[in-house]
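Engineer: Just to be clear, the model below is a prediction. Sequence and coordinates:
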Amino acid sequence: MSEASSRRPSPAARKGKPYRRPQRDPVRILAFEALRAVDERDAYANLVLPGLLRGAEAEAAKKGQEFDRRDAALATELVYGTLRRQGTYDAVIAACVDRPLREVDPPVLDVLALGAHQLLGTRIPTHAAVSASVELARVVLGDGRARFVNAVLRRIAAQDLEAWLDQVAPPYDEDPEQHLAVVHSHPRWIVSALWDALGGGRAGIEDLLEADNERPEVTLVARPGRSSAEELAQSLPPDATEPGRWSPYAVRLTEGGDPAAVEAVREGRAGVQDEGSQLVAAALAAAPLEGPDGRWLDGCAGPGGKAALLAALAAQRGAVLVAAEKQPHRARLVARALAGNPGPYQVVVADGTRPVWAEGAFDRVLVDVPCTGLGALRRRPEARWRRRAEDVAGFAPLQRGLLREALRAVRVGGVVGYATCSPHPAETRAVVTDVLRADGVEAEWVDARPLMPGVPELGEGPDVQLWPHVHGTDAMYLALLRRVG
Ligand SMILES: C[S@@+](CC[C@H](N)C(=O)[O-])C[C@H]1O[C@@H](n2cnc3c(N)ncnc32)[C@H](O)[C@@H]1O
């Protein structure tokens, strides 16, 4: 089907069928605008959506109409679902057009992908999915290209997702990675890297890839000394929360909802934080230590989630937390996250690879280093399509530099936590073993597994790797090291 042929007037138009204005559906228009922002301006869906939703509400109110919670939920699901499943939908769309996808205009592709998601990834009835997409195309692309959209979507609607996957994905036995890439909508290099990190057979990697395609629960952290998980849960409707699976500070918002509406979150006594991140901060704080324990450092603190939990735990022991962050605007976020902490803390704008602090100045140090984020793909639906395999090597010198300086910053006998939200072996254990092997301060591994009590399947140690499909957390990695010389 070519776009050009679809520009010919339809027989009805030639006979003079009266023109009908396209129907403006604010939900689909909003979803389209979000996809364009992600595509054109490299926007993050989770940052761009709230503004668009507020705009749609205001627009509806001006017209005396309502853009309600259900509209917002549908728009959000259309955007997130389309972005997550983009790899699968692109393969299906490619089978329905007569040219390479790179030659189809990006706005047309966005409308097609939104339509494909409604047809193959939601319970929206076929006729409604097609007609809503065609009306959207009429509004945002014009009548000519709307006819092209109509023809392509009708082809897509001819089969269900399973039949399409049989057609467009290579058989597993012939090419397992490409099969999984198409079926579970991940770039092939990410399938390969995650599989290397996870090990095992087909079932595990399929579960992991599917977990990346699910909407993560919103989890709150009750900052110790300022609130507790029980108090937080009691402040919310009884059926809206579940206790954390692993962290004693966690409360899961089972109904979703807006965390900013929670009073304790507004007051900074609680925050939004994945349980994996809570476990990492708590494990560093719990690592056994002999001698003084009064000075803690978070060397990569922005935006401040782990720093806020560490500062609260430090306050309970009369310790001070120094939270360092290279980017001034992110340091401001750290300052906001720490405001109201009951104990002493300091936020500094500093480059952790060129420290402004003296060697051996701290008893505990966390470096939660910049990384590819392959462990948090659930949260950033567009991230998997933006990352490149080369990015892994790009982070390597910084990750090594930050760990090296963290080991210098801690006193002999003190503990360093090296964390990433990526399970990629080149960002996790390879960094630690390289730094330990190089000349510099001497350090030994501390077994991190007993410091996450009750959490199963943490690996063979001494480091730990969490997994979305096993633990319901981001795929956080933690290595604990004690400086010995
Ligand atoms: C993975 S994030 C840390 C997340 C944080 N620990 C939390 O839980 O909210 C890494 C942070 O390190 C910062 N960063 C990057 N290079 C740095 C450097 N050389 N020194 C200090 N911070 C750096 C980034 O700006 C980013 O805010």
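Structural biologist: Great, that's in hand.
Engineer: residues contacting the residue most central in space within the chain?
Structural biologist: In the chain, the centroid-proximal residue (Cα atoms, centre = their mean) is residue 379; its distance is 2.4 Å. By Cβ atoms under 8 Å, 6 or more residues apart in numbering, residue 379 lies in contact with 46, 216, 474. Backbone N, C-alpha and C define where each C-beta goes, glycine included.
Engineer: could you dump these to a markdown table with distance to residue 251?
Structural biologist: Conversion of these to a markdown table gives the following (distance: Cβ to Cβ, whole Å):
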| residue | distance to residue 251 |
| --- | --- |
| 46 | 21 |
| 216 | 15 |
| 474 | 17 |
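Engineer: Next one: residue 252 from residue 49, what distance?
Structural biologist: Residue 252 sits 22 Å away from residue 49, going by Cβ to Cβ, to the nearest Å.
Engineer: Please name the nearest non-neighbouring residue to residue 271.
Structural biologist: In space, and not counting its chain neighbours, residue 271 is closest to residue 221: 5.3 Å by Cβ to Cβ, 6 or more residues apart in numbering.
Engineer: try residue 76
Structural biologist: Here the residue nearest residue 76, using Cβ to Cβ, 6+ apart, is residue 49, at 6.2 Å.
Engineer: now swap in residue 299 and tell me
Structural biologist: Counting by Cβ to Cβ, 6+ apart, the residue nearest residue 299 is residue 352, at 4.1 Å.
Engineer: For ChimeraX, what selects the buried ones among the contacts of residue 379?
Structural biologist: Filtering those down to the buried ones (16 or more other Cβ atoms under 10 Å) takes a single ChimeraX command:
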select :216,474
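Engineer: now, which of the contacts of residue 379 sits nearest residue 433?
Structural biologist: residue 474 (23.0 Å; Cβ to Cβ).
Engineer: Give me the secondary structure label for the residue in the stretch 151-300 of the chain positioned nearest to the ligand.
Structural biologist: Nearest residue of the stretch 151-300 of the chain to the ligand, counting by Cβ to the nearest ligand atom: residue 300, 3.4 Å away. Recorded secondary structure, residue 300: coil (DSSP: H, G, I helix; E, B strand; the rest coil).
Engineer: so who does it touch?
Structural biologist: 324, 325, 326, 352, 366, 367, 368, 369, 370, 402.
Engineer: Out of the residues you listed, which are close to the ligand?
Structural biologist: Near the ligand, judged by Cβ under 6 Å from any ligand atom, the entries from those are 324, 325, 326, 352, 368, 370.
Engineer: quick one: the fourth one and residue 418, what's the gap?
Structural biologist: By that I understand residue 352. 12 Å.
Engineer: And the second one, by the same measure?
Structural biologist: Computed with Cβ to Cβ, the distance linking residue 325 and residue 418 is 17 Å.
Engineer: quick one on the thing from earlier: between the ones next to the ligand among the contacts of residue 300, which is nearest residue 276?
Structural biologist: Distances from residue 276 to those, taken by Cβ to Cβ, are shortest for residue 368, at 11.1 Å.
Engineer: Spit out the contact partners of the closest one.
Structural biologist: 280, 298, 300, 306, 417, 419, 420, 421.
Engineer: which one is residue 124 nearest to, not counting chain neighbours?
Structural biologist: Residue 124 sits nearest to residue 118 (Cβ to Cβ, 6+ apart), 4.6 Å away.
Engineer: and that neighbour, helix, strand or coil?
Structural biologist: helix.
Engineer: List the contacts of it.
Structural biologist: Residue 118 makes contact with 78, 124, 128, 129, 132, 133, according to Cβ under 8 Å, 6+ apart.
Engineer: any residues in contact with both of residue 352 and residue 418?
Structural biologist: 367, 406.
Engineer: ok, the closest residue in space to residue 451 that isn't next to it in sequence - how many residues close by?
Structural biologist: Leaving aside its sequence neighbours, residue 451 sits nearest to residue 283 (Cβ to Cβ, 6+ apart; 3.9 Å). Neighbourhood size, residue 283 [other Cβ atoms under 10 Å]: 24.
Engineer: Which pLDDT value belongs to residue 283?
Structural biologist: Looking at residue 283, its pLDDT is 98.
Engineer: again, but for residue 19
Structural biologist: For residue 19, the pLDDT comes out at 88.
Engineer: Going by neighbour count, list what's buried in the longest strand seen in the chain.
Structural biologist: Ordering each strand of the chain by length in residues (DSSP state E) puts strand 410-420 first. By 16+ other Cβ under 10 Å, the buried positions in strand 410-420 come out as 410, 411, 414, 415, 416, 417, 418, 419, 420.
Engineer: Can you list the strands that that strand pairs with?
Structural biologist: If you go by DSSP bridges, strand 410-420 pairs up with strand 362-368 (parallel), strand 477-483 (antiparallel).
Engineer: Tabulate those in a markdown table, adding columns for mean pLDDT.
Structural biologist: Putting those into a markdown table (pLDDT from 0 to 100) gives the following:
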| stretch | mean pLDDT |
| --- | --- |
| strand 362-368 | 98 |
| strand 477-483 | 98 |
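Engineer: So which residues on the stretch 301-450 of the chain come close to the ligand?
Structural biologist: 301-306, 324-327, 330, 351-353, 368, 370.
Engineer: And the furthest pair within those?
Structural biologist: 305 and 353 (21.7 Å).
Engineer: Domain parsing of the chain, as residue ranges.
Structural biologist: With domains defined by automatic domain parsing, the chain comprises 5-157, 175-211, 218-272, 275-483.
Engineer: Quick check: end-to-end length of the third one?
Structural biologist: The separation between the terminal residues of domain 218-272, taken as Cα to Cα, to the nearest Å, is 7 Å.
Engineer: from here on, count from 377
Structural biologist: Got it, first residue is 377 now, which makes that one domain 594-648.
Engineer: the helices in the stretch 377-526 of the chain, which residues?
Structural biologist: 387-390, 402-417, 421-438, 445-460, 462-470, 482-497, 502-516, 519-533 (DSSP state H, counting those that start in this stretch).
Engineer: for the first one, what is the average pLDDT?
Structural biologist: Along helix 387-390, the predicted confidence averages to a pLDDT of 54.
Engineer: Am I right that the residue nearest to residue 452 is in contact with residue 410?
Structural biologist: Yes: counting by Cβ atoms under 8 Å, residue 425 touches residue 410, with 5.7 Å between them.
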